[in-house]
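In: sequence unavailable; structure follows:
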């Protein structure tokens, strides 16, 4: 009976969360506590009641969703008590139950669906519905039961169409002359980098909000919460309130297909330290990618078993490692780890870090001649430097084909131009362009080669 009382209390708690506003995010959060494995599993049969897709735009306020049926091997005279209703196995959906009929509020269902799919796009979705239930025997004993998934279809509300241009308003001011353009990244994704001196409120401004030189304030987009400081949130088009960002440089991203918003700090610098660097005794600077704020690269020799982390300054604070990074291991470094990044395979690698979105990519350590010394302005296999086997050995270029200015680069990925990751040899040192302007020109002769030691940062031409 204690267990029955617990379930009844939990159900009352669910209903006590019901509110008049539309902020149901907590209900849609994944179940955090693992479900108890029943000693003797019994299965509850259920039937989906909607015969057609539930359409948010046409559905009543409350819909009947499921009907519970017989339970195999249940004691005679036993009754069923549904404790929790799940969408897609882990998202909890509030409900009411009467005579075996489970009903839900459509606004609450909509909130759970958008969190389950991280989207407000109007596409038909198949929802897998399951329940956690108890079989109550005539003597008052309770036995847990599970259910076979039942599928219902759901269609979210139609959002405004994706527009060609979006802006931020409020970052520079609140007039039509103060709009900060967002850059299209394709597929309805737009980005803007903001650098603020203090806390600032702003909204998203679609181009359609400017009508005859005047602002249609009702057409602005934003958050359902005024002063929303969330790093990730949904964008709303109804009664939009302002997002808020703190001082410093940040990247604002909107996904207008799924109506998602994110804001993340942008690092101007990034450093690496770890087991090979005395864990902070030395900080290896990463090279900024020109024109790609918050993105960095380095050529580095990694030893199997080596561990490392990153920080936005040459000191501890804001550091991050394997537990925050997404790995894209294109070069077979065998990266793993829980806190620190752990290397699986020794060798030279090009590390490319998106410090804003916390993505670490590995690439082959390819270095290229570029321009007249290579005979053409193109990335090509025949322009690659040889890659040494040892940590302290040199990368060696092909022989220069002409007397010309020396241009060199790495080119790990599409979307990054060669000059955004270029460098030169100046006074015996490798000098990276980074986020800076065009570099000093160094003339070399036909038949010479460039020798680069990326471990100690030195270079020569001979």
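Out: Done, it's in. The structure presented is a predicted model; accordingly, all values stated were derived computationally and were not measured. Numbers count the residues shown, from 1 in each chain.
In: name the residues that touch stretch 363-382?
Out: Applying C-beta atoms under 8 Å, 6 or more residues apart in numbering, the set of residues contacting stretch 363-382 from outside is 299, 330-331, 348-350, 352, 383-385, 387, 395, 397-398, 400-402, 404-413, 418, 422, 444, 450, 452. Glycine gets a C-beta too; all of them are placed from N, C-alpha and C.
In: go on, stretch 337-348?
Out: Counting contacts by C-beta under 8 Å, 6+ apart, the residues outside stretch 337-348 that touch it are 274-275, 299-309, 321-323, 325, 331-336, 360, 365, 387-388.
In: drop anything exposed from the residues you listed.
Out: Neighbour-count burial (16 or more other C-beta atoms under 10 Å) is assigned, among these, to 274, 299-302, 306-309, 321-322, 325, 331, 333, 335, 360, 365, 388.
In: please flag which of those sit within strands.
Out: 274, 299-302, 307-309, 360 (DSSP state E).
In: so residue 79 touches residue 136, yeah?
Out: Yes - with contact defined as C-beta atoms under 8 Å, residue 79 counts as touching residue 136 (4.9 Å).
In: the two: which is more packed in?
Out: It is residue 136, of residue 79 and residue 136, that has more neighbours when counted by other C-beta atoms under 10 Å, with 21 against 12.
In: where's residue 297, which helix or strand?
Out: Assignment of secondary structure by DSSP states H and E places residue 297 within strand 295-302.
In: that should have said residue 112, apologies.
Out: If you go by DSSP H and E, residue 112 is part of helix 106-117.
In: direction included, what does whichever helix or strand comes after that helix pair against?
Out: On the C-terminal side of helix 106-117, the nearest following helix or strand under DSSP H and E is strand 124-136. Each strand pairing with strand 124-136, determined using DSSP bridges, is listed with its direction: strand 79-87 (antiparallel), strand 142-147 (antiparallel), strand 150-155 (antiparallel).
In: who touches the next helix-or-strand element following the last one?
Out: Proceeding C-terminally, strand 150-155 gives way to strand 166-169 as the next helix or strand, assigned by DSSP H and E. Contacts made with strand 166-169 from outside it, assessed by C-beta under 8 Å, 6+ apart, are listed as 178-182, 190, 192, 194, 202-207, 215, 220, 252, 254, 256.
In: one more time with 6 Å
Out: If you take C-beta atoms under 6 Å, 6 or more residues apart in numbering as the criterion, strand 166-169 is touched by 179-182, 190, 192, 202-206.
In: can you count the residues close to residue 69?
Out: The burial metric for residue 69, expressed as a neighbour count using other C-beta under 10 Å, is 12.
In: ditto for residue 440
Out: Burial of residue 440 is recorded as 9 neighbouring residues (other C-beta under 10 Å).
In: do residue 47 as well
Out: Once other C-beta under 10 Å is used to define contacts, residue 47 is seen to have 10 neighbours.
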